[in-house]
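Engineer: quick one, fold the following:
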Amino acid sequence: MTSTVYSDEFLEALGAWQRGWSEDPDRRAQLAEALIMHVAHLPMSVCAVSSPCFRKRFLYHGDCERIFLGGLDEGPTSWTIHRAYAKEFKGHHRREAERAAVFVRTPEPEEVVLNIVSLWADPTFRSAMSSFESRGGPNADALANFKASQGEVILTSKLVAIDIVGLTGVSSAIDDLFDSLGILDAARALLMRDLVSAGVYPGEPTWVWDEAAISVVDRTYDRLIEKLEQLTRTALSRR
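Structural biologist: I've put the predicted structure just below:
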């Protein structure tokens, strides 16, 4: 029997969202639009988040500028209440990406679309989902597969640099680093052994977190401000 709170149409739309969009932003926008149609009729308890939320995002050419200058707005997107899940999501590095970042934000009420963790804590939702699945509802398998395991919440929050809590990238290859430092071949094997003993692997993805990540963001802001000041002085001098 169809729930008067959680309709079959809502469950189908939520399942389609959780099935994914193969990183097609247009497809994501379509799925979000279909889901949001039903959110206004849901209990407020499943449309609120009071804990910090995390989002992993691979950053491509041009993304960093937007994140530092006003924020990157992608519309409704998936976040998680689990920091560890965000870190591991879709791996640590992509060849075509400049780097990856983890953002943290406790969202404002108007930024929350849906709290999937709270949904699964609601007995009424679980009952509606059980009925929907037993009747072979569209996308019921995706709902049953993920449940609340990802700690997922759907937010409309922008990605801004001041919310960065983790950064990863690939350092230069070890021989390039040694060359730049003028380290002789005879000393390299010993230094490499010491690096490995310390858990440092040049040329592989490396994370910095919390204060270290904030320090990177602050230095980037400083360089950005310096660059803008230089451009301003240059423009004024040409008048």
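Engineer: ok, R19 - contacts?
Structural biologist: Contact analysis of R19 by C-beta atoms under 8 Å, 6 or more residues apart in numbering lists N139, A142. For every residue, glycine as well, the C-beta is placed using N, CA and C.
Engineer: wait, E111
Structural biologist: Counting by C-beta under 8 Å, 6+ apart, E111 touches L155, T156, S157.
Engineer: so how far is S157 from P109?
Structural biologist: Separation of P109 from S157 (C-beta to C-beta, to the nearest Å): 12 Å.
Engineer: more neighbours: which of these two?
Structural biologist: Legend: neighbour count by other C-beta atoms under 10 Å for P109 and S157, higher for S157 (23 against 10).
Engineer: was I right to think that one contacts R105?
Structural biologist: Yes - between S157 and R105 there is a contact at 5.3 Å, judged by C-beta atoms under 8 Å.
Engineer: now do the shared contacts for the two.
Structural biologist: Common neighbours of S157 and R105, using C-beta under 8 Å, 6+ apart, are C53, R55, W79.
Engineer: most neighbours among these, please name it.
Structural biologist: Within the shared contacts of S157 and R105, C53 tops the neighbour count with 27 neighbours, counted by other C-beta under 10 Å.
Engineer: doesn't S78 make contact with that residue?
Structural biologist: No - under the criterion of C-beta under 8 Å, C53 is not in contact with S78, lying 9.7 Å apart.
Engineer: ok so S78 is a helix residue?
Structural biologist: No - going by DSSP: H, G, I helix; E, B strand; the rest coil, the assignment for S78 is strand, not a helix.
Engineer: dig out what it forms beta bridges with.
Structural biologist: Note on S78: beta-bridge partners by DSSP bridges are I154.
Engineer: so E23: helix, strand or coil?
Structural biologist: Here E23 is recorded as coil under three-state DSSP.
Engineer: count of neighbours near it?
Structural biologist: 9.
Engineer: please apply the same query to P107.
Structural biologist: Using other C-beta under 10 Å, P107 has 20 neighbouring residues.
Engineer: quick one: residues contacting it.
Structural biologist: Applying C-beta under 8 Å, 6+ apart, we find P107 in contact with V49, C53, V153, L155, S157.
Engineer: using TSV, lay out those residues together with distance to T124.
Structural biologist: TSV is the format used below for these (distance: C-beta to C-beta, whole Å):
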residue	distance to T124
V49	19
C53	24
V153	19
L155	23
S157	28
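Engineer: now those residues in TSV, with pLDDT and distance to E229?
Structural biologist: Formatted as TSV, the contacts of P107 follow (pLDDT from 0 to 100; distance: C-beta to C-beta, whole Å):
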residue	pLDDT	distance to E229
V49	96	39
C53	98	35
V153	97	39
L155	97	34
S157	97	30
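Engineer: show me which of those residues is closest to S130.
Structural biologist: Nearest to S130 among these, counting by C-beta to C-beta, is V153 at 22.6 Å.
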